[in-house]
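>>> Quick one, what's the 3D model for this:
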Amino acid sequence: MANEESTKTESVALDDGWKEMFKKSDHIAFYRRHKQNPGVHYCVTLESLALTEKGASLELFETKSQVHLLLQVRVCRESTIRITIDEIHPVKIRYRVPDVLIEDPVYEQLRVERKGEGSVTLSWGLGQHQVWIQETPFSLDVLCVKEVIATLNPNGRTLFETLQDPPRHDSTLNQGDPSGLWRERFGQFVDVKANGPSSVGMDFCLHGFNHVYGIPEHADRLRLKDTSGGEPYRLYNLDVFGYRTNSRLGLYGSVPLLFAHKSDKTLGLFWLNASETLVDVHYHPKDSEEDVAAPVNRSRTPIQTDVHWISESGVIDCFILTGPTPSQVLTQYAQLTGFQAFPPLWSLGYHQCRWNYEDEADVKSVDAGFDHHSIPYDVIWLDIEHTDGKRYFTWDSKHFPNPVALQQHLARKKRKMVVISDPHIKVDPDWSLYCEARDGDHFVKVKDGGVYTGSCWPGDSNYLDFSCPQTRSWYARCYSLNKYKGSTDSLFVWNDMNEPSVFYGPEQTMPKNAVHRGGWEHRDLHNLYGFYQHMATVDGLMTRAGGTERPFVLTRSFFAGSQRLGAVWTGDTESTWDHLKFCIPMLLSISLAGIAFCGADVGGFVGNPEPELLVRWYQAGALQPFFRGHANKSTKRREPWLFGEAVTASIRSAIQQRYCLLPYWYTLFHQAHTSALPPMRPLWVEFPGEQSTFRVDHEYMIGSALLACPVTAPGVKEVMVFLPGIKELWYDIDSAQAFSGDQNLAHPVTLDNVPVFQRGGTVVPRREGNGSCSSDFQKLPLSLTVALDSKGCAEGLLYEDDGHSFHYRDRKTFSLHRFLMKPGSLSCSRFSEEGTFATGSSVQSVLFLGMRRKPSAVTAHVSGVQVPVMFQYGEDQHTLVLGGLGLGVGRDWEIRMQ
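Residues are numbered from 1 along each chain as shown. So this is what the prediction gives:
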């Protein structure tokens, strides 16, 4: 063990309030250097061009310093272009992000298309895409069908600070080092840099684009704002309690993926770097210029967006995802970093959480309260107080003396429990798990080799080094039923505080010069820390189940690739209308970044929501992927039945509607798992050619069939809803009234409803009836809502499996059926011949929307047998309702209307 003095941080907490706790860009030395840099002149040596089976390489050099760098150009499948720049002869190897890409990409063979004086053009395959490299000054154009869509280093802003040996004399450091090259101060905190300045940056011009999105997590609008004269978007995972909205401050997670979109093309930029990163966005023309300029002037102004990425360390490693459609960019990104993990069905139900439920009697009382008030739910959660003195993997013996019996009590009702597990380990030499971690060398270190000690919930804590594979394996074994006493196979996990959060640390996180296995500084991999804990926890639950059961792990901190591990949420929201409103663009941004299983704390984590706000948040949460109510321990209790019968009824209705819609949600998550299309989508993903959708972020699509517009303001009697699609029909799911697309609609609302519209041409499956949890709802019959398009057609899918295991993957035990409506008939048939799941589901009723004529007769045809069907026709709203069907989904059938 290191002595006490070596394990303490040099720094103390800031006492100047929230404003001074977190940095702004002028506090960040490497960002200042890049912005103040007049431009470093890099050139390419064309004579150095070398083609291999994996791409092309060339030498870059800086004309003044003669520093030489290696530029690599490689092309992955689907024409994803990878550009990397690194030192040729570094004083030490620079950090390259491991474990995020799911495999080493397979690269195309490049060829020289043209070579002229001062430039070379590379191509591959059929030659649709090309890369044009200019020698001096260095720039790189990406062309699609001879049109330049992106330029790298167009303004000469590339800067690559090479690593250095520390100066022999400490005079630079003693004089203050105002440029922050070797030592940087923020308040009382001092960051000493082992190898001096190490930042990298590059600018991009995206030609023809003036709408960019992505790079979560920020409490901001969906379309990224122009950062001229303001703060850049910051990607640096931080524990920000009760964060502000309309802010570009980095929050709990970082995904360095940016989308550029225009009517006929979508482009992606993936900047693979895990250190602190800042992104500047400049639109040309600026929004104000674009709005006031006459059309003739606009037509003469080239439309483009300049994006400048700047990271504190590592290498330049960027991927250009060429699309050209939104769905293709999403797939290209998933092929690099992984598809969304397929969640167990129960995890798509409602989750009830609080910091904290006091004891076993409290948990059972809340559980019984849901049954008493006929409100379905699937999971109850325990926060940090359930442990013995904030020691994770333990239980408070006074308040939770029989945790196995408690879990079994819930399991008999087909319900689950989730407990919290944070990355800090209480310093306690009398605790066996602490001693095991210490003796196994599993903790993050300080620069002199001692164990790093920070402060969190237990007080003095050491932090597990999840970047180390051996530590992840050890941590995963901690979840075994034999080792985690009091756990059962119906217990799942929540990783919190894993940015990592360090009380009284710089920006409430770990010092950047803390040291991980392999000698890497924390600055190199900070944004990966939570990703690695999430990975280790998932591995633990997978191992516990012998690899047969799907795990569920929620994480607060995330990075690119987190989607293949599980779910995330938006952290410590406030109980305000503003936070409810901003949750929508935040979740849309996270969904675009591949993490489809995302949600926000219903009701807000900080504060006491008024009843109207609580109802509206439940209604919104029920229409978002991850659905959990959660609250701070300082708030009043807010179980759904504590605000009077009217509020209880509204919340019950929202939750029940969520459960009825689970077949649709589950089918959408299978789609996310296989094709990367997130269930919650911006309108422009579904309607990419319609500019009127490009800035809409108060409403969104749930799959391709439903449009949701949650109410996010108090006391409103109507909500403005934009219905996209010039040729589309939309149906209000409450009234069945039809509306044409491409219009703004003033839609009346009450406290009991929110605007949800079904798109013409779609079929949405629901469960009919009530139950106490998802398991009950699975036994209920199905109803179909068939919304006809202008041609009287519609179609939809239903995916089913056992809801919890990997048999769908390993044994092909799943079923995928298509419901197809053509004028006069609705049919059900297998959409995939591969699946072998014997579904017990049956369709009991069908609601047709937009049925212009009352049929004279309706018959069902199954295996050659014709059966008459009861029906009711609504003349006013053009609806047709079929009942008493009992048509098994596992058999082909057809309903004919004469």
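>>> Leu238 and Ser790, how far apart?
50 Å (C-beta to C-beta, to the nearest Å). The way it works is simple: take the backbone N, C-alpha and C, and place the C-beta from them, glycine included.
>>> And those two? Which one has more around it.
Leu238 (24 against 12; other C-beta atoms under 10 Å).
>>> what residues are up against the more buried one?
Phe22, Leu249, Gly250, Leu251, Tyr252, Glu499, Glu507, Gln508, Thr509 (C-beta atoms under 8 Å, 6 or more residues apart in numbering).
>>> Let me have those residues in JSON lines, extended by secondary structure and neighbour count.
Output for the contacts of Leu238, formatted as JSON lines (DSSP: H, G, I helix; E, B strand; the rest coil; neighbours: other C-beta atoms under 10 Å):
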{"residue": "Phe22", "secondary structure": "coil", "neighbour count": "21"}
{"residue": "Leu249", "secondary structure": "coil", "neighbour count": "20"}
{"residue": "Gly250", "secondary structure": "coil", "neighbour count": "26"}
{"residue": "Leu251", "secondary structure": "coil", "neighbour count": "25"}
{"residue": "Tyr252", "secondary structure": "coil", "neighbour count": "26"}
{"residue": "Glu499", "secondary structure": "coil", "neighbour count": "29"}
{"residue": "Glu507", "secondary structure": "helix", "neighbour count": "24"}
{"residue": "Gln508", "secondary structure": "helix", "neighbour count": "22"}
{"residue": "Thr509", "secondary structure": "strand", "neighbour count": "22"}
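>>> just those residues now: which is nearest Met417?
Closest approach between the contacts of Leu238 and Met417, by C-beta to C-beta: Tyr252, at 23.5 Å.
>>> where do the strands sit along the stretch 1-150 of the chain?
Under the criterion DSSP state E, counting those that start in this stretch, the stretch 1-150 of the chain contains strands at 42-52, 55-62, 68-76, 80-87, 111-116, 119-123, 129-134, 139-144, 147-152.
>>> what angle sits between the last one and strand 129-134?
With axes from the mean of the first three to the mean of the last three C-alpha atoms, to 10 degrees defining the directions, strand 147-152 sits at 50 degrees from strand 129-134.
>>> Please convert the strands of the stretch 1-150 of the chain to a markdown table, extending it with mean pLDDT.
Formatted as a markdown table, the strands of the stretch 1-150 of the chain follow (pLDDT from 0 to 100):
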| stretch | mean pLDDT |
| --- | --- |
| strand 42-52 | 96 |
| strand 55-62 | 96 |
| strand 68-76 | 97 |
| strand 80-87 | 98 |
| strand 111-116 | 95 |
| strand 119-123 | 97 |
| strand 129-134 | 97 |
| strand 139-144 | 97 |
| strand 147-152 | 97 |
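>>> check contacts around the residue sitting nearest the centre point of the chain.
For the chain, the residue nearest the mean C-alpha position is Ile595 (2.9 Å; C-alpha atoms, centre = their mean). Ile595 is in contact with Val255, Gln340, Phe558, Ser562, Gln563, Val568, counting by C-beta under 8 Å, 6+ apart.
>>> Quick check, pLDDT for Pro38.
Predicted confidence (pLDDT) for Pro38: 70.
>>> Ser562 versus that one, what's the distance?
Counting by C-beta to C-beta, the gap from Pro38 to Ser562 is 38 Å.
>>> Between those two, which has more neighbouring residues?
Ser562 (30 against 7).
>>> What are the boundaries of the helices in the stretch 601-750 of the chain?
Using DSSP state H, counting those that start in this stretch, the helices of the stretch 601-750 of the chain run over 611-621, 645-660, 662-675, 683-686.
>>> Now do the same contact list for Phe492.
If you count contacts by C-beta under 8 Å, 6+ apart, then Phe492 has Val379, Lys416, Met417, Val418, Val419, Leu541, Pro551, Phe552, Val553 around it.
>>> try it again with 7 Å
Lys416, Val418, Leu541, Phe552, Val553 (C-beta atoms under 7 Å, 6 or more residues apart in numbering).
>>> follow-up on the earlier one: okay if I get the strands of the stretch 1-150 of the chain as TSV plus mean neighbour count and distance to Gly603?
Formatted as TSV, the strands of the stretch 1-150 of the chain follow (neighbours: other C-beta atoms under 10 Å; distance: least, C-beta to C-beta, whole Å):
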stretch	mean neighbour count	distance to Gly603
strand 42-52	16	52
strand 55-62	19	51
strand 68-76	20	43
strand 80-87	20	41
strand 111-116	12	58
strand 119-123	19	54
strand 129-134	20	48
strand 139-144	20	46
strand 147-152	20	43
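>>> Would you reformat those strands as a markdown table and include distance to Thr573?
Listed next are these as a markdown table, based on distance: least, C-beta to C-beta, whole Å:
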| stretch | distance to Thr573 |
| --- | --- |
| strand 42-52 | 44 |
| strand 55-62 | 44 |
| strand 68-76 | 37 |
| strand 80-87 | 35 |
| strand 111-116 | 52 |
| strand 119-123 | 47 |
| strand 129-134 | 42 |
| strand 139-144 | 39 |
| strand 147-152 | 35 |
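>>> Quick check, pLDDT for the nearest residue to Ala860 once chain neighbours are set aside.
Counting by C-beta to C-beta, 6 or more residues apart in numbering, Ala860 lies nearest to Val867, which is 4.7 Å off, once chain neighbours are set aside. With respect to pLDDT, Val867 scores 95.
>>> Could you check how many residues crowd around Val867?
14.
>>> Which parts of the stretch 601-750 of the chain are strands?
Counting by DSSP E, counting those that start in this stretch, the strands of the stretch 601-750 of the chain are 601-602, 627-629, 680-681, 700-702, 706-708, 718-723, 729-732, 738-740, 743-748.
>>> So which of those strands has the densest surroundings on average?
Stretch with highest mean neighbour count among those: strand 601-602 (a mean of 28; mean count of other C-beta atoms under 10 Å).
>>> Contacts only, for Ala787.
Tyr731, Gln758, Arg759, Gly760, Gly761, Thr762, Ala794, Leu849, Gly850.
>>> before we move on, the earlier item: format the strands of the stretch 601-750 of the chain as a markdown table; extra columns: distance to Ile85 and mean pLDDT.
Output for the strands of the stretch 601-750 of the chain, formatted as a markdown table (distance: least, C-beta to C-beta, whole Å; pLDDT from 0 to 100):
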| stretch | distance to Ile85 | mean pLDDT |
| --- | --- | --- |
| strand 601-602 | 41 | 98 |
| strand 627-629 | 42 | 98 |
| strand 680-681 | 34 | 98 |
| strand 700-702 | 37 | 98 |
| strand 706-708 | 43 | 98 |
| strand 718-723 | 43 | 98 |
| strand 729-732 | 48 | 98 |
| strand 738-740 | 51 | 98 |
| strand 743-748 | 47 | 97 |
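>>> who wins for proximity to Ser48 among these?
strand 680-681 (44.5 Å).
>>> What strands line up against that closest one, and which way round?
Strand 680-681 has the following strand partners under DSSP bridges: strand 700-702 (antiparallel).
>>> With respect to Ala736, which of the helices of the stretch 601-750 of the chain lies nearest?
That would be helix 645-660 among the helices of the stretch 601-750 of the chain, by C-beta to C-beta, at 15.8 Å.
>>> And the average pLDDT for that closest one is what?
98.
>>> Mind giving me the packing neighbours of that helix?
Helix 645-660 sits against helix 611-621, strand 762-767, with contacts defined as 3 or more C-beta pairs under 7 Å, 6 or more residues apart in numbering; DSSP states H and E.
>>> Switch the ones you listed over to a markdown table; also include mean pLDDT.
As requested, those are exported to a markdown table (pLDDT from 0 to 100):
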| stretch | mean pLDDT |
| --- | --- |
| helix 611-621 | 98 |
| strand 762-767 | 98 |
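>>> re earlier: which stretch among the strands of the stretch 601-750 of the chain approaches Lys485 most closely?
That would be strand 627-629 among the strands of the stretch 601-750 of the chain, by C-beta to C-beta, at 26.6 Å.
>>> what's in contact with that closest one?
Tyr350, His351, Gln352, Cys353, Trp569, Gly599, Asp601, Val602, Gly603, Gly621, Arg658.
>>> Could you look up the SS state of the second one?
Per DSSP: H, G, I helix; E, B strand; the rest coil, the local secondary structure of His351 is strand.
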